[in-house]
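Asker: I'd like to go over a predicted model; first the sequence, then the structure.
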Amino acid sequence: MQRRNEWMFPRGDLREEEWESVVDSSLPGWKHTGLRVADLREGDELDLPAEGLERIVVPLSGGFTVQHQGAGPAIVSRLEGRASVFDGPTDVLYLSTVSSATVSGVGRVAIAEAPSTSVHPSRHIRRDEVSVELRGAGRSSRQVHNFGLPGELEADRLIVCEVITPAENWSSYPAHKHDEDVPGHESRLEEIYYFESAVSRGLHAPANAEPFGFFSTSSSPAGEIAIDSPVRTGDIALVPFGYHGPAIAAPGYDLYYLNVMAGPGDERAWLISDHPAHGWIRETWNDQDIDARLPYTRSTSEGSTHA
């Protein structure tokens with residue numbers, strides 16, 4: 001399948017051995033962040049050698065056991081996981097830069113990465129410890145799991161979160177950027193978007209339904225970029241610079257994305273600048289309620305049909 005854009009990768013375009021997708025510094029113009037995605041069956045294992053990367057293991061569906069070892073004895077962490085990314089937050093595991101690991105289990109898993117020379121302790125973050133934020137309002141309502149943000153996790157450079165956008169809603173909106181170092185105002189960060197889409201909870205779709213959303217970027221003084229693309233499960237968008245958003249969930253289909261960010265700055269911070277033409281939209285949320293469908297949790301997912 002031909003790629004739609006130099007920064008947009010349909011599912012499988014970044015395949016490497018046992019990994020469905022690998023984003024790392026081997027990609028031209030990419031340096032500070034990485035992502036690996038794989039499906040595991042019974043008996044499968046994924047090896048993660050200690051190679052100067054801090055990582056977060058994120059179960060997308062299913063549960064996993066991670067045996068990992070840093071400077072001390074080996075540790076076994078069991079990640080409870082979830083039925084799907086639309087089933088609320090999951091256990092995740094932050095792996096220290098000096099840790100090697102082996103991941104086993106059944107399901108789909110993502111490994112967020114960032115090169116680092118600093119050592120922070122590995123940490124198993126349990127599902128009930130994950131900060132769940134309902135952001136925006138009205139048709140801009142979305143649910144954010146902030147397990148890998150500054151203030152939530154001690155790390156060197158890696159910043160990770162995941163977002164659920166109910167059908168017909170907009171997220172990553174208003175469009176914003178973080179491609180300049182402006183102390184106290186904006187931080188320079190690469191960003192990876194990994195997408196999944198599914199039939200919206202509570203709906204029963206025909207077998208030939210094709211869940212999708214839409215994602216857009218635009219240029220900034222830091223560089224020219226133009227993604228205007230449908231997105232489906234397994235697709236990956238890279239944002240080295242520029243304004244990014246909106247991410248739009250099509251009617252009938254919920255949209256999920258995992259964000260992985262890191263940059264060259266001394267401070268680990270997520271500071272953004274809104275697009276000057278659209279930042280005013282935030283003020284309109286003051287008179288709107290959060291979408292009543294949120295939050296998506298494990299209990300509210302029962303009875304829904306996801307493709």
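Answerer: Yes, it's here. Numbering: from 1, shown residues only.

Asker: where exactly do the strands run in the stretch 1-150 of the chain?
Answerer: 8-9, 21-23, 34-40, 45-48, 53-69, 75-82, 92-95, 100-115, 123-125, 132-135, 142-148 (DSSP state E, counting those that start in this stretch).

Asker: Can you give me the buried ones in the fifth one?
Answerer: Just to be clear, that refers to strand 53-69. 53-64, 66, 68-69 (16 or more other C-beta atoms under 10 Å). The way it works is simple: take the backbone N, C-alpha and C, and place the C-beta from them, glycine included.

Asker: Residue 175 and residue 231, how far apart?
Answerer: According to C-beta to C-beta, to the nearest Å, residue 175 stands 16 Å off from residue 231.

Asker: between these two, which one's more packed in?
Answerer: residue 231 (28 against 22; other C-beta atoms under 10 Å).

Asker: for the residue sitting nearest the centre point of the chain, what are its contacts?
Answerer: Geometric centre of the chain, nearest residue: residue 258, 1.1 Å, by C-alpha atoms, centre = their mean. Residues in contact with residue 258 (C-beta atoms under 8 Å, 6 or more residues apart in numbering) are 35, 58, 60, 85, 110, 112, 160-162, 192-194.

Asker: do the same with residue 219
Answerer: Taking C-beta under 8 Å, 6+ apart, we find residue 219 in contact with 225-226, 242-243.

Asker: Select from those the one having the most neighbours.
Answerer: Of the contacts of residue 219, with other C-beta under 10 Å as the count, residue 243 tops at 26 neighbours.

Asker: what separates the closest residue to it other than its chain neighbours from residue 216, distance-wise?
Answerer: Setting aside the residues directly before and after it, residue 243 is nearest to residue 175 in space (C-beta to C-beta, 6 or more residues apart in numbering), at 4.3 Å. Distance of residue 175 to residue 216, computed by C-beta to C-beta: 7 Å.

Asker: all helices for the stretch 151-300 of the chain, in order.
Answerer: Secondary structure of the stretch 151-300 of the chain (DSSP state H, counting those that start in this stretch): helices located at 281-284.

Asker: which residues of it score low on pLDDT?
Answerer: Along the stretch 151-300 of the chain, the parts satisfying pLDDT under 70 run over 299-300.

Asker: Strands of that one, start to end?
Answerer: Under DSSP E, counting those that start in this stretch, the stretch 151-300 of the chain gives strands at 159-165, 170-171, 176-177, 190-199, 213-218, 228-231, 236-239, 243-249, 253-262, 273-274.

Asker: Sheet partners, orientation included, of the first one?
Answerer: What that stands for is strand 159-165. Here strand 159-165 is paired, per DSSP bridges, with strand 142-148 (antiparallel), strand 253-262 (antiparallel).

Asker: chain center to stretch 282-297: distance?
Answerer: Here the centre of stretch 282-297 is set off from its chain's centre by 21 Å, with C-alpha atoms, centre = their mean, to the nearest Å.

Asker: before we move on, what about stretch 11-23?
Answerer: Counting by C-alpha atoms, centre = their mean, stretch 11-23 comes out at 16 Å from the chain centroid.

Asker: which residues are in contact with it?
Answerer: 1, 3, 9, 30, 33-39, 44, 46, 192, 194, 232-236, 238.

Asker: burial count for the closest residue to residue 35 other than its chain neighbours?
Answerer: Leaving aside its sequence neighbours, residue 35 sits nearest to residue 23 (C-beta to C-beta, 6+ apart; 4.3 Å). Counted with other C-beta under 10 Å, the neighbours of residue 23 add up to 24.
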